[in-house]
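A.B. asks: Below are the sequence and a predicted model for it; my questions follow.
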Amino acid sequence: MKDIREDIAWAKINKDVLGSLENPRKLYWVILFCAFAAFGVGIGCEVYQYQTGLGVANLNNPHAWGLYISTFIFWIGMSHSGTLLSAILHLMHADWRKPIYRFAEAMTTFSLMTAGLFVMVHIGRLWQFYYSLPYPDERGIWPNFQSPLLWDAMAIFTYLSSSILFLYVGMIPDLAICRDNMHEGWRKKLYTLLSLGWEGTDRQWRNFRVTYLTIACFLIPLAVSVHSIVAADFAMSQQPGWHVTSFPPYFVAGALYSGCSGIITLFIILRYVFKFEEYMTLSILKKIVRLTFAIAMVWTYLNAVEFASVWYSSDQASKDILIQKATGTYAPFWWGMIFCGSIVPLTLAFKRAQTSIPMLFAVSLLLNLGMWLERWMIIAPTFSHGYYPWTWDHDQWPSLVQWGMVFGSFGWFTMLFMVFCKVFPSVSMYEVKEMVYHRSLHLKKSETAEQGAP
Amino acid sequence: MSQRHLLALFNNFEDAEAAIYELRAANIKGFNFDDLTLKSPIEHHEVENILGQRSAKVQWFTLAGALMGGLLGFFLISGAQANFYAQMKGGKPIVPLPPNFVLTFEMFVLGGVFISVLGFLICAGLPARRSPLYSAKVSEDQIGILVKADEPAMAKIKGVFLNHGVLEIQEEAGK
Amino acid sequence: MSVNNLLENWSQFRHFHPVDDKPHDPYKWAMSIDLDACTGCNACSVACYAENNLPVVGKEKYAHGQAMHWIRIERYWDEDDREFPDQGAQFLPMMCQQCEAAPCETVCPVAATNHTADGLNSQVYNRCIGSRYCSANCPYKVRYFNWYDYPSDDNVWPAEMNQQLNPDVTVRGKGVMEKCTFCVQRLHAAKGTARSEGRIVRDGEVQTACQQACPASAISFGNLVDPESRVHKQWQAQQVALDKDVQTKDKEEGGSELRGYRIFEELRPYPSVMYLERVRESAV
């Protein structure tokens, strides 16, 4: 299996990656247009809902939340693997992360932005959303700091801004490369501005390294806290099926899981679209696939723990919900989640599947479908079958407005991602060079050692 | 005495390293070794062995930022809760500690990250004015050594560079 | 300033309600509902619609579960193998239980719902942003959301019909949560009158709309801390204490003969509504 070559010329790295910033092919415009159209559908739905009221989403008294919150969790989850790849693997000196972490981090940022949109479309009075911000007010009114939703807002703000900073700081040397190689024009001006006069001096590098490491150290607990807090939205409430102790780790595992499969999908697309075969090698893909498999098994285990602890508890209401999930209206989706989330990843255990690109593409999409279903299956069944029997409602189905916005969110994400890939280098050039340099040093060392041995 | 800049480009780090060693050993009059800057496409932290420990102070910014963020977070939140008409919610204490710790942690991270980046900009001197001599090759694959020295020392420095297989030497135009 | 305030009043900010707190004084509004008297006639619900300007949403939206009835009559059937189960019909009027430790309050991100000094669970319409977290966390599901703009877009009170609106109560626009208030506008007026006369509100001086309309007098409402009030006497006779999650009488072996109970007491919301269980035929 081919890995990145040690003797690849550095000038070629620059040329190949900068090539991805050149005039796009037709396919690019087609994808961008489709994404924009999908986003347009979402916008249309939101305008309609904003004008008419949330009733058009077909929410009702027990079903206070619908697909909006499910999809919100889904996108928050997507964001977690960027941090896993860029921060955790950075600390562990796993050099195979270097060619792929940039786009994973962009994925983090953009999926957080998408998640933020869902909070907005979800609330009843969007025009008053700023009430939930802790701004000083002459009447001394503050938001309620006890509410997990407020923790969410705070955690997401911290995570989003830190991720953007992390992405940006890590990109400064590459922006300097772009600045040096771009023809005159608005892009050159942009890169000149953003690269802050970076010249790769020893002083700059030294501080750069420390800063990058520091932010990475902050991001790891932050990412864990963000999804634990999203889990707290449910675990801190009193509802059966939500009030579960194992929710925070379960959510974090689910987040890493869907994020990893998202990375596989985007990896394959980028590799194909930008012809990055030289950098996004199959051996790297194989490593991510193995990581995904491991996380899938963790997720399956935590799922089993949750079911078992509900089943053997004396909490009848939670037990009823579990039975409802498996046999009631939502049974097809719930079993679909089990199938996509726990059975499908078993294929990844086979060597042949680990490097077959079409297969991995299909599997990664299925995994994410499963993870989306998981979030929906956390929300809807509890609403449909809560504590109070008189308000049970098993038949409420989300309206097309809700589905339209879920659809639109994918358009919005794709749009942001496509624009990012054309404006910023989606493979980290300087870090690929570092990787190549250290590997060749290592090679040289072992060669001299061999020669010295006899 | 007027000082001038000179940029030498090398093909690989070993050559540049050797040139720097010799410059340090040569002790040329009119050239202060601290006026030497290495420019490289990737980070070579071995360079600290030659240039000496030029410390990075970003950590102190991080510490201060994180502590400030955490303290500000806790007291802002608790103070706000205690002042806000002290309305009881859900039978919980007016200043409930578990939620406040969660938010304090978030503010801790927020302060840490923001101030670290600020510290990075300050310590690395960014955004910087571009130095007088620069080659786009440095961001590609070559190592650059920028020196600032008195006019008479230039010839000697150039000689050192030439000994070590320099690819190109750029000089600031004389004034 | 605020740090000083924190340090000086620390103990005041650090206690749980109602378990290790002093009871409300001089008012704690509470209710008791005798299910044996309730005939399920829905008069309470109608009265509530009239008193509190509740929009009538129409058949279609009702079928979608978007009704706005602050008080609803729930029907249950005795399932004791009788030939016609609906002969054993029984009814339960359900409204906001005005919990002492309400699960809805802690989760609101903007503090739009709070516990008031007279023991109500308040809802501030102007502050509400409509996150619906309160409804999600309410075990009784008695919070109602304005899914549409009923007063204007939906025009539920066309010209002349709007003459019957209660001027003491606002009409709510779209996107806010609302729920039973124990007719807070009446409580407010009564407290005002009482204060100007230098006394506290007497029992029977203020009635909620549902109580007033109930032909069977199944609902009694009043000040729980007033020893003379009917509600206080009922709660005491039934040995139901406000600040307990398990009543002493229920701990006894074989349970108690008394009919008073509160719904979901074990979830510890400490609800302010006591129900008196129906006397079953089998028990008589």
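C.D. replies: Thanks, I have it. Residues are numbered from 1 along each chain as shown, chains lettered A, B, ... in the order given.
A.B. asks: and stretch A:124-132, anywhere near chain B?
C.D. replies: No. Residues of stretch A:124-132 are not located near chain B by Cβ under 8 Å from any Cβ of the partner chain, the shortest gap being 13.2 Å. All C-beta spots, glycine's among them, are computed from the backbone N, C-alpha and C.
A.B. asks: End to end on that stretch, go ahead and measure it.
C.D. replies: 13 Å (Cα to Cα, to the nearest Å).
A.B. asks: Point out where the chain drops to low pLDDT.
C.D. replies: In the absence of a named chain, this looks at chain A. Along chain A, the parts satisfying pLDDT under 70 run over A:1-2, A:452-454.
A.B. asks: ah, I was thinking of chain C
C.D. replies: Within chain C, the stretches falling below the threshold (pLDDT under 70) are C:1, C:281-284.
A.B. asks: same thing with chain B?
C.D. replies: B:1, B:52-56, B:84-85, B:173-175.
A.B. asks: tell me the phi and psi of the nearest residue to A:Met359 once chain neighbours are set aside?
C.D. replies: Distances taken as Cβ to Cβ, 6 or more residues apart in numbering or on different chains put A:Ala353 closest to A:Met359, at 5.3 Å, once the chain neighbours are dropped. Torsion angles at A:Ala353 (phi, psi; degrees, to the nearest 10) stand at phi -70, psi -30.
A.B. asks: Surely A:Ala353 touches A:Phe361?
C.D. replies: No. Assessed by Cβ atoms under 8 Å, A:Ala353 is found out of contact with A:Phe361, at 11.3 Å.
A.B. asks: Quick check, the residue in the stretch 151-284 of chain C closest to chain A?
C.D. replies: For the stretch 151-284 of chain C, the residue closest to chain A is C:Gly175, as judged by Cβ to the nearest Cβ, at 3.1 Å.
A.B. asks: residues in contact with that residue?
C.D. replies: Residues in contact with C:Gly175 (Cβ atoms under 8 Å, 6 or more residues apart in numbering or on different chains) are A:Gly53, A:Leu54, A:Ile123, A:Gly124, A:Arg125, A:Leu126, C:Cys128, C:Ile129, C:Gly130, C:Asn146.
A.B. asks: any idea how far the first one lies from chain B?
C.D. replies: Counting by Cβ to the nearest Cβ, to the nearest Å, the gap from A:Gly53 to chain B is 27 Å.
A.B. asks: Repeat that for the second one.
C.D. replies: Taking Cβ to the nearest Cβ as the measure, A:Leu54 and chain B are separated by 25 Å.
A.B. asks: which ones are touching the residue lying farthest from the centre of chain B?
C.D. replies: Distance from the C-alpha centroid of chain B, by Cα atoms, centre = their mean, peaks at B:Gly91 (51.4 Å). Contact partners of B:Gly91, counting by Cβ under 8 Å, 6+ apart, are C:Phe16, C:His17, C:Pro18, C:Val19, C:Glu100, C:Ala101, C:Ala102, C:His115, C:Tyr270.
A.B. asks: give me the number of residues near the last one?
C.D. replies: When neighbours are counted by other Cβ atoms under 10 Å in any protein chain shown, C:Tyr270 registers 23.
A.B. asks: Let me see the domain layout of chain B.
C.D. replies: B:3-55+B:133-171, B:58-123 (automatic domain parsing).
A.B. asks: quick one: terminal-to-terminal distance for the first one?
C.D. replies: In this case it means domain B:3-55+B:133-171. From its first residue to its last, domain B:3-55+B:133-171 covers 12 Å (Cα to Cα).
A.B. asks: what about it and chain A, any contact?
C.D. replies: Yes. Using Cβ under 8 Å from any Cβ, domain B:3-55+B:133-171 reaches chain A at B:37-45, B:47-48, B:51, B:54, B:134, B:136, B:138-141, B:146.
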